[in-house]
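I would like to see how this sequence folds:
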Amino acid sequence: MSEPTQRSPEALEGPAIVALGGGHGLFATLQAVRRLTVDVTAVVTVADDGGSSGRLRAELGVIPPGDLRMALAALASDEPEIVDWTRTIQHRFGGVGALAGHSVGNLILAGLTEVLGDPVVALDEMARLLRIRGRVLPMSPIALEIEADVQGLEEDPRVSRCIRGQVAVATTPGKVRRVRLLPSNPPACPDAVTAIDRADLVVLGPGSWFSSVIPHVLVPELVESLSSTKARKVLVLNLAPEPGETAGFSAERHLHVLSQHVPDFRVDYVVVDSASVPAGREREHLQRAADQFSAEVRYAEVADTSPGAAHVHDPAKLADVLAELSSSAAVGDSTQRSRQDQPSRQDQPSRQEQYSEEQRENASWQ
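As a prediction, the model looks like this:
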């Protein structure tokens with residue numbers, strides 16, 4: 001049982017922060033930004049087609065709930081009775097029957113969506129149950145698919161093969177060159193667009209680069225909002241390449257790939273773990289890649305170095321960096337911005353980051 005999240009007095013108001021991503025990368029970002037403010041909006045990818053999420057998506061036609069559930073768990077209150085609820089929604093059934101592999105939270109979200117008729121309303125209702133002050137939103141109100149051009153799967157390594165599905169993209173032994181969303185030009189969740197428009201700070205990443213980060217910039221309305229918002233924009237790089245979709249990628253390569261998908265995208269800062277990029281030529285190359293985004297590279301120790309942690313961001317360390325970057329933005333304006341679109345939630349104190357290694361593994365199978 002780790003120490004409770006420490007929330008500063010300023011966090012009772014704090015800047016409006018939007019975090020975009022999915023999976024464990026977004027989970028870490030949300031646990032970081034909740035230390036800085038209660039005005040947090042998570043915008044979550046909806047293309048998962050594996051595990052419990054994939055089964056519910058195929059059987060019920062709902063948007064995949066797994067990444068949304070994890071975002072809710074990251075922002076849930078730490079009141080004892082709510083911690084029990086959080087553990088319950090993250091619980092995954094064992095056995096070999098029809099429920100085997102399903103998480104309780106995925107089933108609740110699917111049920112709420114059918115009863116209430118709207119996935120956003122269902123998410124707000126679960127957020128109310130977990131006493132979350134902010135919101136968790138899908139990046140699109142419809143379930144999406146990821147399609148990728150992959151090299152190295154044919155006898156001729158120069159020939160690309162088109163593969164479809166988030167799981168297939170994440171686990172391919174080939175080299176992913178480009179990804180697309182299906183349907184193309186999908187709609188954005190209107191409330192997500194509104195949240196980005198009114199934000200003081202927007203954080204993209206870390207996470208699976210092709211399946212959790214890049215999809216956000218493939219939704220036209222989200223890209224337009226990210227381009228027009230006055231918020232300070234921060235891109236958080238992964239600590240290491242992931243087996244499968246980004247195997248062998250350098251930090252510089254991550255930026256080049258993102259730029260290829262959205263050439264005119266601009267961010268203010270790229271946050272990089274100091275230990276992941278040695279000083280010298282690699283950092284020079286990385287800054288040149290960041291210049292494509294008109295971004296300044298910020299190096300900081302943001303990795304979780306506790307025993308057993310593997311390529312995971314430390315929420316406290318990441319929060320310190322984001323606090324520094326947000327303080328250089330017009331944070332003072334946040335208290336004057338309209339929050340009429342923000343649902344009223346009960347005050348949320350810090351919560352214990354209670355996940356054991358077993359629970360982390362349990363949560364990872366979406």
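
Wait, a strand at residue 211?
No - according to DSSP: H, G, I helix; E, B strand; the rest coil, the state of residue 211 is helix, so it is not within a strand.

Retrieve the pLDDT associated with the closest residue to it other than its chain neighbours.
Ranked by Cβ to Cβ, 6 or more residues apart in numbering and with sequence neighbours excluded, the top spatial neighbour of residue 211 is residue 166, at 4.8 Å. Every C-beta, even on glycine, is put in place using the N, C-alpha and C of the backbone. Looking at residue 166, its pLDDT is 95.

All the strands of the stretch 101-250 of the chain, residue numbers only.
135-138, 145-151, 160-164, 175-182, 201-204, 232-236 (DSSP state E, counting those that start in this stretch).

Pass me the low-pLDDT residue ranges in the stretch 1-150 of the chain, would you?
Filtered on pLDDT under 70, the stretch 1-150 of the chain yields the residue ranges 1-12.

how about the helices in the protein?
In chain order, the chain shows helices spanning 23-33, 51-60, 66-75, 80-90, 104-116, 119-129, 166-171, 190-197, 220-228, 251-261, 281-291, 315-327, 357-364, with DSSP state H as the criterion.

among those, which is nearest residue 245?
Taking Cβ to Cβ as the criterion, helix 166-171 is the member of the helices of the chain that comes nearest to residue 245, at 5.3 Å.

List the contacts of residue 138.
Residue 138 is in contact with 43, 44, 46, 63, 68, 119, 120, 123, 189, 192, counting by Cβ atoms under 8 Å, 6 or more residues apart in numbering.

ok, now with 10 Å
Residues in contact with residue 138 (Cβ atoms under 10 Å, 6 or more residues apart in numbering) are 42-46, 63-65, 67-68, 71, 119-120, 123, 144, 188-189, 191-192.

ok, it to residue 31 distance?
Residue 138 is 20 Å from residue 31, where distance means Cβ to Cβ, to the nearest Å.

hmm, back to that, between the strands of the stretch 101-250 of the chain, which gets nearest to residue 53?
Of the strands of the stretch 101-250 of the chain, nearest to residue 53 by Cβ to Cβ is strand 135-138, at 12.1 Å.

partner strands of the closest one, parallel or antiparallel?
Strand 135-138 pairs in its sheet with strand 40-44 (parallel), by DSSP bridges.

Report the backbone C-alpha coordinates of the strand it pairs with in PDB.
What follows is strand 40-44 as a C-alpha-only set of coordinates in PDB (Å, rounded to 0.1, in the frame of the first residue of the first chain):
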ATOM      1  CA  VAL A  40      -9.500  17.300 -14.800                       C
ATOM      2  CA  THR A  41     -11.000  15.900 -18.000                       C
ATOM      3  CA  ALA A  42      -9.800  12.600 -19.400                       C
ATOM      4  CA  VAL A  43     -10.300  12.100 -23.100                       C
ATOM      5  CA  VAL A  44     -10.000   8.400 -23.800                       C
END
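
and the nearest residue to residue 140 once chain neighbours are set aside, how many residues sit next to it?
On the basis of Cβ to Cβ, 6+ apart, the spatially nearest residue to residue 140 that is not a chain neighbour turns out to be residue 186, at 4.8 Å. By the measure other Cβ atoms under 10 Å, the count of residues near residue 186 is 22.

Was I right to think residue 186 contacts residue 216?
No - applying Cβ atoms under 10 Å, one finds residue 186 not in contact with residue 216, separated by 11.3 Å.

anything in contact with each of these two?
When contacts are counted by Cβ under 10 Å, 6+ apart, the set common to residue 186 and residue 216 consists of 139, 140, 222.

buried subset of those?
Burial of the shared contacts of residue 186 and residue 216 was assessed by neighbour count (16 or more other Cβ atoms under 10 Å); the buried members are 139, 140, 222.

Next up, the contacts around the second one.
Residues touching residue 140, when contacts are defined by Cβ under 10 Å, 6+ apart, comprise 43-47, 63, 119, 181, 183, 186-189, 192, 215-216, 219, 221-222.

ok, and for stretch 157-167, which residues are buried?
Of the residues in stretch 157-167, 160, 163, 165, 166, 167 count as buried by neighbour count, 16+ other Cβ under 10 Å.

Specify the beta-bridge partners of the residue nearest to the first one when sequence neighbours are not counted.
By that I understand residue 160. Leaving aside its sequence neighbours, residue 160 sits nearest to residue 149 (Cβ to Cβ, 6+ apart; 4.4 Å). For residue 149, the beta-bridge assignment (DSSP bridges) gives partners residue 162, residue 178.
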